[in-house]
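Asker: just a sequence and a predicted model for now, questions to come.
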Amino acid sequence: MVLNPGPGRSGPGFVFSGMLAVLSGIFLAGMVGAAPGTGKGFFRVVQEKGKYWLVDPAGRKFYSMGINCVLPGDWSPKPESPKYRGAEIRGGEEKWAEFTANRMREWGFNTVAGWSHKSMEKRGIPYCVSLHLAPWDQGRLVDVWDPGYAKHVSTEAAKQVGDRKPDDPDLIGYFLDNELPWMGKAGWYTDGTTLLDLYLALPAGAPGRREADRVVAANGDDRGKAAEELSGDVARRFMDLAAGAVRKLDSNHLILGVRFANWAPDAVVRAVGEFTDVVTLNWYVKNGRPNPNELDRYYLLSGKPVMITEYSYRAMENRSGLKNSRGADVTVATQAERARRYTRYMNALAVLPQVIGFHWFQYSDQPTLGRFDGEDCNYGIVDQKDEPYEPLLTAMREINASVVNLHSSSPLRLPGPGVAPRKRPGLPVVGVDIRREVGRSPFPGLTLVEYPGAAIKGNSWADETGKSEAKIVDRAGRFLFTFVSGPGWGCGFSPDSGKSGPFSAAGATRLRVIVTVPRGVRFSVGVTEDGAGSRDSASFRGAAGADGEEYWSEEMTGTGEQREIIVDLGNMDSSEGYGNPSGNLVLDAQAFSRVNVSVKGDQGKGEIELKLIRFE
């Protein structure tokens with residue numbers, strides 16, 4: 001999202017003992033990790049003993065713990081809206097900036113991150129600069145080959161870098177842009193329109209149209225391959241222009257990527273990696289259980305370390321009267337739950353050897369009646385009165401003080417040949433393994449469906465806006481799922497077990513599925529608790545205490561042959577698109593409503609045969 005929100009925290013004032021704690025190690029914990037390297041005068045990236053770090057100008061290891069949007073005040077198009085007024089509360093902009101810088105040190109943050117006020121660049125705290133070098137229009141990446149586009153990038157680079165000095169030791173580097181529309185109309189899937197579609201719509205003879213025609217001719221009838229290739233070409237051209245323009249102005253500081261919005265095509269990540277020092281990613285994970293393999297993917301494609309440049313959690317329980325009706329949906333019920341999911345998220349990723357920092361979005365709560373784009377979120381560490389949300393801040397202090405040790409002592413290896421896929425953090429409770437009162441032990445096993453024999457019925461679904469199609473077929477007693485997976489989130493199915501109402505798999509620890517999936521097709525297996533519905537449902541009450549969550553396995557890839565899949569129920573991930581968004585993160589196996597198989601988007605036509613689903 002553009003200029004996303006995040007939390008900020010502050011007390012009525014920091015105390016001397018807090019500053020002593022800072023000087024004795026909390027702030028420095030973000031800088032040191034092992035023996036210092038040789039100082040080069042500016043921030044740089046190093047790999048040492050299989051782990052990546054930033055290194056500060058003095059040659060000390062530096063792990064970036066930052067806050068976005070550290071601003072003295074907020075703005076809303078609705079003048080009557082309550083909003084953050086930090087400078088007014090603290091006696092002016094200068095006093096606010098000094099107070100806030102001391103706060104950040106006390107809390108263990110060592111980086112002033114994107115979209116922060118220039119007064120925060122003069123406080124002795126390392127900082128990053130957010131540039132927006134693509135044009136602000138519907139075709140932000142069209143036409144990058146036009147001479148006018150190059151002129152725009154060069155002009156904006158000079159304007160936005162402004163009077164910042166190439167010899168400033170506190171400047172870490174520059175983000176070249178934010179959440180660019182690599183998928184066509186946005187930085188995420190929308191209606192299936194690709195960059196190739198937009199370039200083919202250019203007038204004949206336009207530089208970008210010639211590039212698109214060339215790519216189409218080279219790929220014949222494979223429109224998907226052509227779209228992927230062009231997106232990589234566009235990324236390479238944009239990065240050449242943008243990084244080149246910044247380098248002419250400042251060759252000392254790091255290029256910090258383009259802040260991908262959760263996901264970007266492989267070809268784009270590869271191209272960006274050719275020009276950047278760090279790959280940056282805005283990654284909101286509602287359940288607090290991120291899949292580390294996603295960050296392995298970014299490293300393997302780009303060859304560069306990774307920094308998380310936006311992440312956050314927002315609670316309906318907040319002191320600013322915020323409804324959280326717009327923005328990244330990382331909504332939880334309480335401030336205590338914000339702290340829990342923050343801790344889970346950080347502990348999962350700080351141990352990854354390629355990750356070198358995290359930037360929280362954002363410092364203060366947003367305006368109650370919405371900011372410029374309508375966002376009205378409790379992303380703040382501080383509320384509108386500049387007072388911190390203590391449960392969240394306590395968790396942040398603890399993590400900030402321990403993150404260097406987590407990173408340096410982690411036994412995990414950099415992704416590559418011979419390194420097994422990483423596991424997500426486990427669920428707090430799996431079914432009745434702990435709550436034995438709701439199930440039998442040992443679990444006797446439960447065959448939900450087996451073909452031939454079971455009636456071939458069920459539900460299928462598809463992202464119609466992404467031009468996907470889905471259908472369940474009975475072919476001589478064989479359960480077949482035929483699909484067309486277009487751009488978007490894809491499609492899937494749920495076989496009918498023949499049982500009326502929810503069924504209990506309480507005590508099960510794994511799910512066995514026998515299935516034939518076409519070679520190369522990416523898919524996942526999921527379970528849905530009773531009570532589930534769309535994310536905005538009024539209630540998620542299910543039978544036997546189930547609270548309507550949905551969970552999914554890690555993504556798998558078909559082999560074209562019949563295959564037995566074993567899914568560890570304790571390593572499933574809660575759904576981002578369906579079911580209770582504020583559930584208890586307990587897999588309520590005592591009341592499941594269905595088992596699901598999903599096919600990821602943009603994979604074309606195919607057919608899946610299902611033989612067996614069994615809880616064990």
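Answerer: Happy to help now that I have it. Numbers count the residues shown, from 1 in each chain.
Asker: bridged to residue 47, which residues?
Answerer: With DSSP bridges as the criterion, residue 47 is bridged to residue 52.
Asker: how close does residue 490 get to residue 515?
Answerer: 16 Å (CB to CB, to the nearest Å). C-beta coordinates here come from the backbone N, C-alpha and C atoms, glycine included.
Asker: the more surrounded of these two?
Answerer: residue 490 (25 against 21; other CB atoms under 10 Å).
Asker: how about the nearest residue to that one, chain neighbours excluded?
Answerer: residue 601 (3.9 Å; CB to CB, 6 or more residues apart in numbering).
Asker: next: residue 353.
Answerer: The nearest residue in space to residue 353 (CB to CB, 6+ apart) is residue 51, at 4.3 Å.
Asker: one more: residue 598?
Answerer: residue 492 is the one closest to residue 598 (CB to CB, 6+ apart), at 3.6 Å.
Asker: contacts only, for that neighbour.
Answerer: 460, 461, 462, 470, 596, 597, 598, 599 (CB atoms under 8 Å, 6 or more residues apart in numbering).
Asker: the first one touches residue 493, doesn't it?
Answerer: Yes: contact criterion CB atoms under 8 Å: residue 460 and residue 493 qualify, at 4.4 Å.
Asker: quick one on the thing from earlier: residue 117: which of the contacts of residue 492 is nearest?
Answerer: residue 598 (43.5 Å; CB to CB).
Asker: looks like residue 184 contacts residue 201 (just checking).
Answerer: No: if you go by CB under 8 Å, residue 184 and residue 201 don't touch, sitting 10.9 Å apart.
Asker: show me which of those two is the more surrounded one.
Answerer: Applying other CB under 10 Å to residue 184 and residue 201 shows that residue 184 carries more neighbours, namely 22 against 14.
Asker: if we can go back for a sec, overlap in contacts, residue 460 and residue 493.
Answerer: Joint contacts of residue 460 and residue 493 (CB under 8 Å, 6+ apart) are 470, 472, 481.
Asker: how far away is the closest residue to residue 498 other than its chain neighbours from residue 365?
Answerer: Among residues not flanking residue 498 along the chain, residue 455 sits closest, at 5.9 Å (CB to CB, 6+ apart). Distance, residue 455 to residue 365, by CB to CB: 53 Å.
Asker: of these two, who's got more company?
Answerer: residue 365 (32 against 14).
Asker: and residue 524, what does it touch?
Answerer: Residue 524 neighbours (CB under 8 Å, 6+ apart): 552, 553, 554, 555, 556, 597, 598, 600.
Asker: per-residue confidence at it?
Answerer: Turning to residue 524, the model gives it a pLDDT of 97.
Asker: cool, residue 435 as well?
Answerer: If you check residue 435, the pLDDT there is 40.
Asker: then residue 613?
Answerer: So, for residue 613, pLDDT stands at 98.
Asker: got it, and residue 290?
Answerer: At residue 290, pLDDT is 88.
Asker: all strands of the stretch 401-550 of the chain, in order?
Answerer: For the stretch 401-550 of the chain, applying DSSP state E, counting those that start in this stretch gives strands covering 429-430, 446-450, 458-462, 469-475, 478-485, 491-495, 510-516, 522-529, 550-552.
Asker: pull out the buried residues from the fifth one.
Answerer: Taking 16 or more other CB atoms under 10 Å as the neighbour-count basis, strand 478-485 is seen to contain the buried residues 479, 480, 481, 482, 483, 484, 485.
Asker: scan the protein for its longest helix.
Answerer: In the chain, with assignment by DSSP state H, the single longest helix is helix 223-249.
Asker: and residue 300, how far is that from residue 255?
Answerer: 20 Å.
Asker: who's more crowded, these two?
Answerer: residue 255 (22 against 18).
Asker: OK, contacts around that one?
Answerer: Neighbours of residue 255 in contact, by CB under 8 Å, 6+ apart: 173, 174, 176, 243, 246, 247, 275, 276, 277, 278.
Asker: take those and write them to a markdown table, including distance to residue 108, pLDDT and neighbour count.
Answerer: Shown next, in a markdown table, are these (distance: CB to CB, whole Å; pLDDT from 0 to 100; neighbours: other CB atoms under 10 Å):
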| residue | distance to residue 108 | pLDDT | neighbour count |
| --- | --- | --- | --- |
| 173 | 21 | 98 | 26 |
| 174 | 25 | 98 | 28 |
| 176 | 28 | 98 | 29 |
| 243 | 32 | 98 | 23 |
| 246 | 30 | 98 | 24 |
| 247 | 33 | 97 | 15 |
| 275 | 32 | 98 | 21 |
| 276 | 27 | 98 | 23 |
| 277 | 25 | 98 | 20 |
| 278 | 21 | 98 | 25 |
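Asker: what's the closest of these to residue 45?
Answerer: residue 277 (5.5 Å).
Asker: correct me if wrong: that closest one contacts residue 254.
Answerer: Yes: Residue 277 is in contact with residue 254 according to CB under 8 Å; the separation is 4.4 Å.
Asker: hang on, the earlier thing: buried ones in the longest helix of the chain?
Answerer: Counting neighbours by 16+ other CB under 10 Å, helix 223-249 gives 226-243, 245-246, 249 as buried.
Asker: sec struct for the residue lying closest to residue 212 once chain neighbours are set aside, please.
Answerer: With sequence-adjacent residues excluded and distances taken as CB to CB, 6+ apart, residue 212 is closest to residue 199, at 3.7 Å. Of the three states, residue 199 takes helix under DSSP: H, G, I helix; E, B strand; the rest coil.
Asker: count of neighbours near residue 199?
Answerer: Counted with other CB under 10 Å, residue 199 comes out at 30.
Asker: quick one: the residue nearest to residue 372 when sequence neighbours are not counted from residue 550, how far?
Answerer: Using CB to CB, 6+ apart and skipping residues adjacent in sequence, the residue nearest residue 372 is residue 77, 6.4 Å away. Residue 77 is 36 Å from residue 550, where distance means CB to CB.
Asker: next one: residue 222
Answerer: Applying CB to CB to residue 222 and residue 550 gives a distance of 34 Å.
Asker: just the CA atoms of the longest strand along the chain, as PDB, please.
Answerer: Counting by DSSP state E, the longest strand found in the chain is strand 604-615. In PDB, the C-alpha atoms belonging to strand 604-615 read as follows (Å, rounded to 0.1, in the frame of the first residue of the first chain):
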ATOM      1  CA  GLY A 604      -3.600 -22.300 -17.000                       C
ATOM      2  CA  LYS A 605      -5.700 -25.500 -17.600                       C
ATOM      3  CA  GLY A 606      -5.400 -28.700 -15.700                       C
ATOM      4  CA  GLU A 607      -7.100 -31.700 -14.000                       C
ATOM      5  CA  ILE A 608      -6.700 -33.100 -10.500                       C
ATOM      6  CA  GLU A 609      -7.800 -36.500  -9.400                       C
ATOM      7  CA  LEU A 610      -8.500 -37.100  -5.700                       C
ATOM      8  CA  LYS A 611      -8.400 -40.600  -4.200                       C
ATOM      9  CA  LEU A 612      -8.300 -40.200  -0.400                       C
ATOM     10  CA  ILE A 613      -8.600 -37.800   2.500                       C
ATOM     11  CA  ARG A 614      -7.900 -39.300   5.900                       C
ATOM     12  CA  PHE A 615      -7.100 -37.800   9.400                       C
END
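Asker: measure how far that strand is from the centre of its chain, please.
Answerer: 29 Å (CA atoms, centre = their mean, to the nearest Å).
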